[in-house]
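Participant: Let me see the structure of the following:
(one chain, ligands or ions: 1)
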Amino acid sequence: MSKIIVVGAGINGVTSAIELKKRGHKVVLVDPGPLPHPLAASTDISKAVRAAYGPDEDFTVLADRCIELWRKWNTDFGIELYHQSGVLFVCQNPMQPGDFEYESCRLLEKHGHRLERFDSFTFHQRFPAFAPDRFQDGFFDPDAGYVESGRVVATLLEYAKSRSIELREGKFTALDETDDRVSGIVLEDRHRISGDAVVMAAGAWTPYLLPFTQKFFRASGFSFAAEAAEFFPAGALSIFRSRYLSDRLLRFSAKSGSGKNCKSRTRTGNVSRFFQTRGHTRRRVRFAQISKIDNPGAR
Ligand SMILES: Cc1cc2nc3c(=O)[nH]c(=O)nc-3n(C[C@H](O)[C@H](O)[C@H](O)COP(=O)(O)OP(=O)(O)OC[C@H]3O[C@@H](n4cnc5c(N)ncnc54)[C@H](O)[C@@H]3O)c2cc1C
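Facilitator: The predicted structure follows:
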């Protein structure tokens, strides 16, 4: 049995801790808290769960396995954490090979999903709330849905405690290295925790916690559209600051139409989703810190 330190108690950290415990290790889970951490990507009201990943078959297969496990967790915990509401994908033009929707549809059907397909007429009959004649094509995947993500992390943390996983409040600052091997971690308050192995699961913070990972590993972020500003009252706006998050981007218009509107707020009021557009999703941003934005244009 090894003693393993898991840094970060978001969804990846808490599930790693539980799995390592199941495999017979002693586990310490470290996070500054409060938990679930209000700034963690995992702490949100909901997250979409779907196996539609365009032409990426590996992801489709993994997501199908996840959906089975979500159903099992619903049963095991006796709480409906995964809501199998189905997910609707709509297109303004007929789907074409190479499109995300077309390729998703092809792979989902290959993997046994019983999709409902639409044309402009049947779509409007089935979903009359949508503007008529606007959508020409699309499909509904009844196996997909959403999870109550913050509640999932809270539930798993309770489960972790019940399995004698030690939850330690603290902020990782460095690996404790002696004789060219890692012997634990050092916390901000200079306390040391010893361990045989360390699992870094600090989400978007991870690349910046270890000096050597900064060279090849970075977190990415999305630009934020000021059009969503009315959803975020003055003073309640926290966003991921980045060097790209300039006034210009804050005023970035939603007019491209290719964007995916991701606005939402966590239960604590932090903005955790951004307006994602074709022009900016792949743009690498330096994830520096999360702080109250002082830019009045964003309010
Ligand atoms: C806006 C948005 C929307 C998303 N939507 C979806 C979706 O619909 N469906 C989906 O499947 N996925 C979605 N994702 C992705 C998903 O939320 C993330 O992949 C996932 O939550 C990442 O979990 P994590 O545990 O790696 O990181 P996090 O949840 O961010 O957890 C990291 C943890 O590390 C801790 N930490 C940070 N620094 C330290 C330190 N120095 N010492 C100790 N602990 C530290 C933090 O406190 C935090 O608790 C979305 C992500 C975002 C940002």
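
Participant: Am I right that residue 60 sits in a helix?
Facilitator: Yes. Note on residue 60: a helix contains this position according to DSSP: H, G, I helix; E, B strand; the rest coil.

Participant: Pull up the gap between it and residue 141, please.
Facilitator: Relative to residue 141, residue 60 is positioned 11 Å away (criterion: CB to CB, to the nearest Å). C-beta here means a position set from N, CA and C on the backbone, and glycine is covered the same way.

Participant: Report the set of residues contacting both of the two.
Facilitator: Shared between the contact lists of residue 60 and residue 141 (criterion: CB atoms under 8 Å, 6 or more residues apart in numbering) are residues 51-52, 108.

Participant: Enumerate every residue touching residue 17.
Facilitator: Taking CB under 8 Å, 6+ apart, we find residue 17 in contact with 6, 9, 27, 29, 160, 165.

Participant: about what we covered before: possible to save the shared contacts of residue 60 and residue 141 as a markdown table with neighbour count, pLDDT and secondary structure?
Facilitator: What follows is the shared contacts of residue 60 and residue 141, written out as a markdown table (neighbours: other CB atoms under 10 Å; pLDDT from 0 to 100; DSSP: H, G, I helix; E, B strand; the rest coil):
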| residue | neighbour count | pLDDT | secondary structure |
| --- | --- | --- | --- |
| 51 | 22 | 97 | coil |
| 52 | 24 | 97 | coil |
| 108 | 24 | 98 | helix |
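
Participant: want to throw these into TSV with distance to residue 135?
Facilitator: Rendered in TSV, the data for those read as follows (distance: CB to CB, whole Å):
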residue	distance to residue 135
51	22
52	16
108	19
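
Participant: contacting residues for the residue of the stretch 151-299 of the chain found nearest the ligand?
Facilitator: Scanning the stretch 151-299 of the chain for the residue nearest the ligand gives residue 203, at 2.5 Å (criterion: CB to the nearest ligand atom). Contact analysis of residue 203 by CB under 8 Å, 6+ apart lists 8, 10, 12, 40-42, 219.

Participant: swap in residue 54?
Facilitator: Residues counted as contacts of residue 54 (CB under 8 Å, 6+ apart) are 100, 103-104.

Participant: Over to residue 83?
Facilitator: With the criterion set at CB under 8 Å, 6+ apart, residue 83 makes contact with 145-148.

Participant: May I see these organised as JSON lines, with secondary structure and neighbour count added?
Facilitator: Written out in JSON lines, the entries for the contacts of residue 83 read as follows (DSSP: H, G, I helix; E, B strand; the rest coil; neighbours: other CB atoms under 10 Å):
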{"residue": "145", "secondary structure": "strand", "neighbour count": "19"}
{"residue": "146", "secondary structure": "strand", "neighbour count": "18"}
{"residue": "147", "secondary structure": "strand", "neighbour count": "22"}
{"residue": "148", "secondary structure": "coil", "neighbour count": "18"}
